[in-house]
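J.: Give me a 3D structure for the following:
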Amino acid sequence: MIQAMYSGIAGLKAFKSSLDVIGNNIANVNTVAYKAGRVTFRDALSQTIAGATSPAGGRGGTNPVQVGLGVTVGAIDSNMAGGSPTSTGRPTDMMIEGQGYFVLGDGSRKLYTRDGGFALDAQNNLVAASTGMKVLGWQADSSSGAIDTTTPITGGSGINIPVGLLSIARQTSNVDIGGNLDQSAAVGDSIPIESQIYDSLGVIHRLNIKFTRAANDAVTGAPTWEYSISCPDVSTTVPVKQGSITFDENGQSTVKSIVADLSFAVPNGSLQPLSININTASISSISGGSTIGQRNQDGLALGTLESFTIGRDGTISGTFTNGSNRVIAQVAIAQFTNPGGLAKIGNNTLTETPNSGTAQIGLAGTGGRGLISPGFLESSNVDLAQEFAAMIVAQRGFQANS
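T.: Take a look at the predicted model:
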């Protein structure tokens, strides 16, 4: 009789734990990326009244005679299934489709979360909106946009998106010139054209190209034009490039490109020399008037970061006011051998334990890591109907043991 009372007490404790977990699940039905908990029971020790015997002397064996001593909680684990996506329309919100965790840092340690509710702080750091912990990843080189994802992620590897602060320019490397140089022009006639180019600081410069009709080639009789390239902002007053272009029997240029090297005078522009490839393959020389001019150039004036987007692989790309696009950073994703072994420490964050395995940090969409859905958050995976059904069972179990 006394033992029955103690077994009932054990049952009360076990079902109390079950009700605790169920209540916590219901409370977190709207918590971002919450994983529902589950309680499993196991029997406690058993008192052996009589041990088992083996068959002997013409008699069969007997089973052990035991009385159970109650129940205890066997395990409390989490349902690691992903929650459904919820659209937020916020550019900084992210959801992982599949396995993986976002990596957060406070300057020294790394924590992990499925909650992708992120925002920019006053210093343009990408942070968890609820805690202010920095989202970790790889920052791109500010000048080239290159990202070295082999760099180890530390607690200080925060992502910064300097909207309104980062400015970039692109110096001109290629200038396309096209059109016609009138074959019937008199020797000595000249046609000037002007090309706008940019140095590494985004400062605009004028490139003057003058074509002068020369005598036809003495051997082939092919039309010939001489060219002279100058720039008012260079450190020398003489032309930076001179030469001649001849044309084949179809009137097409036999010189496909010209390279002009410019060194700008201070303070007119960048101290960095500029080497420009002038594409002349589209120049012709036939009768019918001259129409030559600049068609295109690939430089850009100085532009400031005005917006950004996040790709499926976690790449953060910035759009600048000069129309250019450049990679800003890339979000890191961690995965674990046993995600169920992570320990919850509050604020939707988790930490490693000896049974979770070490974090394997890499890129979204690689090594079994899921892809990122920007503008979405992961919902809680709590099934409210299932929780109420489990609560009824647990309540009845609690009543029966009382």
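J.: Give me the buried positions along stretch 393-402.
T.: A394, G397, F398, N401 (16 or more other C-beta atoms under 10 Å). Using the backbone N, CA and C atoms, a C-beta is placed for each residue, glycine as well.
J.: In contact with the second one, which residues are there?
T.: Under the criterion of C-beta atoms under 8 Å, 6 or more residues apart in numbering, the contact partners of G397 comprise G11, F15, S18.
J.: Next, it: secondary structure please.
T.: Assigned by DSSP: H, G, I helix; E, B strand; the rest coil, the conformation of G397 is helix.
J.: The first one now?
T.: What three-state DSSP gives for A394 is helix.
J.: In this model I22 seems to touch it, though I could be wrong.
T.: Yes. Counting by C-beta atoms under 8 Å, A394 sits close enough to I22 to count as a contact (6.2 Å).
J.: so what are the domain limits for the protein?
T.: 2-47+67-80+381-401, 90-167+304-378, 172-298 (automatic domain parsing).
J.: could I get the ones you listed as JSON lines with mean pLDDT and distance to G57?
T.: Below are the domains of the chain laid out as JSON lines (pLDDT from 0 to 100; distance: least, C-beta to C-beta, whole Å):
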{"stretch": "domain 2-47+67-80+381-401", "mean pLDDT": "92", "distance to G57": "28"}
{"stretch": "domain 90-167+304-378", "mean pLDDT": "94", "distance to G57": "50"}
{"stretch": "domain 172-298", "mean pLDDT": "88", "distance to G57": "101"}
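J.: how about those, which one is nearest S54?
T.: Closest to S54 of those, according to C-beta to C-beta: domain 2-47+67-80+381-401, at 20.3 Å.
J.: Quick check: phi and psi on K13?
T.: Dihedral pair for K13: phi -60, psi -40, per degrees, to the nearest 10.
J.: got the contact list for it?
T.: Neighbour list for K13: T72, V73 [criterion: C-beta under 8 Å, 6+ apart].
J.: one more time with 10 Å, if that's ok
T.: G70, V71, T72, V73, F398, N401 (C-beta atoms under 10 Å, 6 or more residues apart in numbering).
J.: Please tell me how far it sits from T72.
T.: From K13 across to T72, the span is 8 Å (C-beta to C-beta, to the nearest Å).
J.: Of the contacts of K13, which belong to strands?
T.: V71, T72, V73 (DSSP state E).
J.: if I read this right, the first one contacts D43, doesn't it?
T.: Yes. At 5.9 Å, V71 counts as touching D43 under the criterion of C-beta atoms under 10 Å.
J.: what sits in contact with each of those two?
T.: Residues within reach of V71 and of D43 at once, by C-beta under 10 Å, 6+ apart, are A10.
J.: So for those two, which sits in the more crowded spot?
T.: V71 (20 against 12; other C-beta atoms under 10 Å).
J.: and that one, what does it touch?
T.: V71 neighbours (C-beta under 10 Å, 6+ apart): 7-8, 10-15, 41-44, 397, 401.
J.: hmm, try it at 8 Å
T.: S7, A10, G11, A14, F41, R42, D43, A44.
J.: try Y112
T.: Y101, F102, V103, L104, A334, L342, T349, L350, T351, E352, A359.
J.: Dig out what the closest residue to it other than its chain neighbours forms beta bridges with.
T.: Nearest non-adjacent residue to Y112, counting by C-beta to C-beta, 6 or more residues apart in numbering: Y101, 3.9 Å away. Judged by DSSP bridges, the bridge partners of Y101 are A334.
J.: Report how many residues lie close to Y101.
T.: Neighbours around Y101, by other C-beta under 10 Å: 25.
J.: Could you report the separation of it from Q399?
T.: Where Q399 is concerned, Y101 sits at a distance of 40 Å (C-beta to C-beta).
J.: Ok, S257 next?
T.: 90 Å.
J.: Could you pull out the strands in the stretch 1-150 of the chain for me?
T.: Applying DSSP state E, counting those that start in this stretch to the stretch 1-150 of the chain gives strands spanning 37-43, 46-50, 65-68, 71-78, 85-87, 94-97, 101-105, 110-113, 118-120, 126-128, 134-135, 137-139.
J.: C-alpha coordinates for the third one, PDB please?
T.: Coordinates of each C-alpha in strand 65-68 appear next as PDB, following Å, rounded to 0.1, in the frame of the first residue of the first chain:
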ATOM      1  CA  VAL A  65       8.300 -11.700 -10.300                       C
ATOM      2  CA  GLN A  66       8.700  -7.900 -10.100                       C
ATOM      3  CA  VAL A  67       6.800  -4.900  -9.000                       C
ATOM      4  CA  GLY A  68       7.300  -1.600 -10.600                       C
END
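J.: Return the residues in contact with the closest residue to A119 other than its chain neighbours.
T.: The shortest distance from A119 to any non-neighbouring residue, by C-beta to C-beta, 6+ apart, is to A129 (4.3 Å). Each residue near A129 by C-beta under 8 Å, 6+ apart is listed here: G117, F118, A119.
J.: who's in contact with the last one?
T.: Residues in contact with A119 (C-beta under 8 Å, 6+ apart) are T92, L126, V127, A129.
J.: switch the cut-off to 7 Å
T.: By C-beta atoms under 7 Å, 6 or more residues apart in numbering, the residues touching A119 are T92, V127, A129.
J.: ok, of those residues, which one's closest to D148?
T.: V127 (22.8 Å).
J.: Does the closest one have any beta-bridge partners, and if so which?
T.: Beta-bridge partners for V127, by DSSP bridges, are A119, K134.
J.: do you know how far it is from F388?
T.: Distance from V127 to F388, counting by C-beta to C-beta: 37 Å.
J.: of the two, who's got more company?
T.: Set V127 next to F388 and count neighbours by other C-beta under 10 Å: V127 wins out with 21 against 11.
J.: Helix, strand or coil: sort out E194 for me.
T.: Quick answer, by three-state DSSP: E194 is strand.
J.: could you dump stretch 371-382 to CSV, C-alpha only?
T.: Extracted in CSV, the C-alpha atoms of stretch 371-382 (Å, rounded to 0.1, in the frame of the first residue of the first chain):
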residue,chain,number,x,y,z
LEU,A,371,18.9,28.1,-48.6
ILE,A,372,17.7,31.5,-47.3
SER,A,373,14.4,33.0,-48.1
PRO,A,374,14.7,36.8,-47.6
GLY,A,375,11.6,38.7,-46.5
PHE,A,376,10.2,35.7,-44.6
LEU,A,377,10.3,34.4,-41.0
GLU,A,378,9.9,30.8,-39.8
SER,A,379,6.7,30.1,-37.8
SER,A,380,6.5,28.0,-34.7
ASN,A,381,6.0,24.3,-35.5
VAL,A,382,3.6,23.9,-32.5
